[in-house]
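# Mind looking at a prediction? Sequence and model below.
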Amino acid sequence: GSAVDADFLRRWLGTATESIEREADHLTELDSPIGDADHGGNMRRGFRAARTAVEQEPPDTPGAVLVAVGRQLISTVGGASGPLYGTLLRRAGKSLGDEPTVTAAQLRDALRAGVDGVAQLGGAVPEDKTMLDALLPAIDALSGALDAGGSLAEVLAAAAQAAEDGAKATIPLRARKGRASYLGDRSIGHQDPGATSSALLIAALAQTAQE
Ligand code: ADP
Ligand code: MG
Ligand code: MG
């Protein structure tokens, strides 16, 4: 289908949690040379808590699902990524309001609002080697694919590809934000863990639309 409802985002949460669980060791490996080797554990803890909360008390609008996930991430992840992802999802959820179903364009606008919140809170700009380097290209690709008339599955696939490319493109960058920035030039040559987890979360959205 082309509409996004609460069930769609609950399925996204299940797929995203499985993907984070599968990739947790890899995320932690990426966080070892340029961080404190906890990103996989942080994300796994947060997404498990979010999935449990949403299963126990299933929200009935897409906005409420995102707000609930954001709230869990803020209270359980710890680290820089918890408040940043929490802000992204809460803002996106609030932007969707109480609508029972939203269009791909509304989802795009909501994600844009959420990502703007990440930029505001963390103060990062493109090429600072952060999650924004996956998130911003993903929103731009989603937007471009929508303007070209793509279906929900097509626009989310475009977003996922751009996020993955953006995450890989962090490898040659020097980190200017977060723990990795303490390393200066020694942060060059490593893929950013947060950009990598962002790409996983957006890939899970694309996968949900294909099911
Ligand atoms: P911590 O660094 O506190 O251990 P995590 O390891 O969970 O937190 O998350 C690290 C990731 O958070 C980084 O890879 C980066 O993508 C992201 N990050 C850190 N600081 C910022 C920031 N100021 N703006 C955007 N993203 C950031
Ligand atoms: Mg870390
Ligand atoms: Mg940490």
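Arrived safely. Ligands and ions are numbered 1, 2, ... in the order given.
# Low-confidence regions, this protein specifically.
Residue ranges of the chain with pLDDT under 70: 1.
# Against which helices or strands is the longest helix seen in the chain packed?
For the chain, the helix with the greatest residue count under DSSP state H is helix 6-34. Counting contacts by 3 or more CB pairs under 8 Å, 6 or more residues apart in numbering; DSSP states H and E, helix 6-34 packs against helix 39-56, helix 62-76, helix 193-210. Glycine gets a C-beta too; all of them are placed from N, C-alpha and C.
# if you compare those, which one is most tucked away?
helix 193-210 (a mean of 25; mean count of other CB atoms under 10 Å).
# Wondering if it reaches ligand 1 at all.
Yes: on the criterion CB under 6 Å from any ligand atom, helix 193-210 is in touch with ligand 1 at Pro193, Gly194, Ala195.
# for the residues you listed, which one is nearest ligand 3?
Ranked by distance to ligand 3 (CB to the ion), these are led by Pro193 at 10.3 Å.
# quick one: that closest one and Ala24 touch, right?
No: Pro193 is beyond contact range of Ala24, at 10.8 Å (criterion: CB atoms under 8 Å).
# Need the residues touching each of those two.
Gly40 (CB atoms under 8 Å, 6 or more residues apart in numbering).
# Run through the residues of the protein sitting next to ligand 1.
With CB under 6 Å from any ligand atom as the criterion, the chain comes near ligand 1 at residues 31, 35-36, 38-39, 42, 79-81, 84, 118, 122-124, 130-132, 177-179, 192-195.
# Mind checking which of those are buried?
31, 35, 38-39, 42, 79-81, 84, 118, 122, 124, 130-132, 177-179, 192-195 (16 or more other CB atoms under 10 Å).
# Quickly check: the longest helix of the chain near ligand 3 or not.
No: counting by CB under 5 Å from the ion, ligand 3 is not contacted by helix 6-34; separation bottoms out at 7.8 Å.
# tell me which residues of that helix are tucked away?
By 16+ other CB under 10 Å, the buried positions in helix 6-34 come out as 6, 8-17, 19-20, 23-24, 26-28, 30-31, 34.
# repeat for stretch 159-166
Ala159, Ala160, Gln161, Ala162, Ala163, Glu164, Gly166.
# Please enumerate residues in contact with it?
The contact list for stretch 159-166, computed with CB under 8 Å, 6+ apart, reads 133-142, 145, 195, 198-199, 202-203, 205-206.
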